[in-house]
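>>> using only what follows, build the 3D model:
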Amino acid sequence: MKTIAVLTDFTPGSEHAARYALHLAQKMKADVLLYSKLLVPAEIIADAQYVFPGENDNDFKTDTENRLKELAAMLSDELKKKNFPGSILPAICCRCEEELITNSICGSESGENIIMTVIAGISQSEEHDSLTANSFRQVLDSSDVPVLIIPEDAVIRNVEKFVFATDASYSDIAYIDTLSGLAKLSTAEILIANVTQSGMLNSEQDATIKRFKEAIVTDVNYSRVYYRSVPNNAMRNGLQWLIENIKFDMLVMVRRNIDSCDFAFNPGLINNQSTYIQRPLLVYPYPGGIQGNTVSDAVR
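Residues are numbered from 1 along each chain as shown. The predicted model follows:
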């Protein structure tokens, strides 16, 4: 069974991300795995004498597992109340491990067929928390499936428009085709935004853009795909323009440009924060991320 993994630390933001994941899982006919690292009190971690694993770790693991079960039961009850009796609902399972390493979630030995990892975005209050930022980056760096980042104020609803930010790299065509599988769930539009153009194009650049646009038509199995250029001399400037001027429900990127991903998920780097932080961000891993157990496979 296809499964969406949700990384949770039991904060309101991560609970909201879990609710968003459940909404998506129901559309995709997938199950949900609630995953948490072992919760060890901060004062114990700060103890210079503490060596992990410690003598009380069984108690910590039991406590974390109990909290996961409570969260799963609460989310399951909420889901049942929102649906008609007899509706097919996602199964919710739980897992607690010592480390927050997403490749361990996606490993075949786990028995789950993970197609996506969902995580809460960094809130403004956590912006300067190095532990939060490091855990967040660890997820993006280690995941070999798409990572969906849910801001704390994101509205839970069907996506009507995706914006796929690109530099017109031909390799992005395969990612766009994969994204179309997700778009078909709600017949959403996909706006392909070339955000790195600057001024007049030379003949070589013009030919590259032309081939890219032709490939969108011939190689992407979806009709509701559109292209537009966003004239800017840097990816970050182009993203800022999109955020401020285009109405969309989800931003999509390939993790090829680390600086741009930092810009997209870190509220401290956004000039007009109120414009963006309510919008989810889907990040495809690079290289890869479009083979095997993909989001596209789940809905085709």
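
>>> what mean pLDDT does the helix or strand where residue 218 lies get?
Using DSSP states H and E, residue 218 sits within helix 203-219. Mean pLDDT, computed over helix 203-219, is 90.

>>> please report the distance of residue 120 from residue 242.
22 Å (C-beta to C-beta, to the nearest Å). Quick note: C-beta positions are derived from backbone N, CA and C, even for glycine.

>>> domain boundaries for this protein, per the record?
2-150, 161-284 (automatic domain parsing).

>>> can you put those in a markdown table and add mean neighbour count?
Output for the domains of the chain, formatted as a markdown table (neighbours: other C-beta atoms under 10 Å):
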| stretch | mean neighbour count |
| --- | --- |
| domain 2-150 | 17 |
| domain 161-284 | 17 |
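
>>> for residue 157, what are its contacts?
23, 249 (C-beta atoms under 8 Å, 6 or more residues apart in numbering).

>>> contact partners of the helix holding residue 218?
Against helix 203-219 from outside (C-beta under 8 Å, 6+ apart): 168, 170, 172-174, 176-177, 192, 194, 197, 201, 225, 227, 229.

>>> just the CA atoms of that helix, as CSV, please.
Listed next in CSV are the C-alpha coordinates belonging to helix 203-219 (Å, rounded to 0.1, in the frame of the first residue of the first chain):
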residue,chain,number,x,y,z
SER,A,203,20.0,32.6,-30.0
GLU,A,204,21.2,29.7,-27.9
GLN,A,205,19.1,30.5,-24.9
ASP,A,206,16.1,31.1,-27.2
ALA,A,207,16.5,27.7,-28.7
THR,A,208,16.8,26.1,-25.3
ILE,A,209,13.5,27.7,-24.2
LYS,A,210,11.8,26.6,-27.4
ARG,A,211,12.9,23.0,-27.0
PHE,A,212,11.8,23.1,-23.3
LYS,A,213,8.3,24.4,-24.2
GLU,A,214,8.0,21.8,-27.0
ALA,A,215,8.9,19.0,-24.6
ILE,A,216,6.2,20.2,-22.1
VAL,A,217,3.6,19.6,-24.9
THR,A,218,5.0,16.3,-26.2
ASP,A,219,6.4,14.6,-23.1
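
>>> ok, then the element right after it?
Helix 203-219 is succeeded, C-terminally, by strand 225-229 (DSSP H and E).

>>> and the helix or strand following that following strand, what other elements does it pack with?
Sequence order places helix 235-245 as the next helix or strand after strand 225-229, per DSSP H and E. Under the contact criterion of 3 or more C-beta pairs under 8 Å, 6 or more residues apart in numbering; DSSP states H and E, helix 235-245 touches strand 161-166, strand 250-254, helix 258-265, helix 273-276.

>>> how about low-confidence regions in the stretch 201-300 of the chain?
201, 231-236, 257-277, 288-300 (pLDDT under 70).

>>> 50 instead?
The stretch 201-300 of the chain contains residues with pLDDT under 50 at 267-276, 291-294, 298-300.

>>> again with the stretch 1-150 of the chain
In the stretch 1-150 of the chain, residues with pLDDT under 50: 40-48, 50, 107-109, 128, 130-131.

>>> which stretches in it count as helices?
12-28, 42-45, 57-82, 102-106, 130-142 (DSSP state H, counting those that start in this stretch).

>>> which of those sits closest to residue 159?
Closest to residue 159 of the helices of the stretch 1-150 of the chain is helix 12-28 (C-beta to C-beta; 8.9 Å).

>>> quick one: list the elements packing against that closest one.
Packed next to helix 12-28, using 3+ C-beta pairs under 8 Å, 6+ apart, are strand 2-7, strand 31-37, helix 57-82, strand 113-120, strand 147-150, helix 295-299.

>>> which other residues reach it?
By C-beta under 8 Å, 6+ apart, helix 12-28 touches 2, 4, 6-8, 30-32, 34, 71, 75, 78-79, 88-90, 92, 115-116, 118-121, 123, 148, 150, 152, 154, 156-158, 182, 185-186, 280, 295, 298-299.

>>> now with 6 Å?
Identification of contacts with helix 12-28 by C-beta atoms under 6 Å, 6 or more residues apart in numbering yields 4, 6, 8, 32, 75, 79, 90, 118, 120, 123, 150, 152, 156, 185, 298-299.

>>> grab the nearest non-local neighbour of residue 93.
residue 33 (5.5 Å; C-beta to C-beta, 6 or more residues apart in numbering).

>>> the one you found is in contact with residue 4, isn't it?
No. Here residue 33 does not reach residue 4: they are 7.2 Å apart, not a contact under C-beta atoms under 6 Å.

>>> angles on the backbone of residue 180, please.
phi -60, psi -30 (degrees, to the nearest 10).

>>> I should have written residue 87 there, sorry.
phi -60, psi 150.

>>> how close does it get to residue 26?
Residue 87 is 8 Å from residue 26, by C-beta to C-beta.
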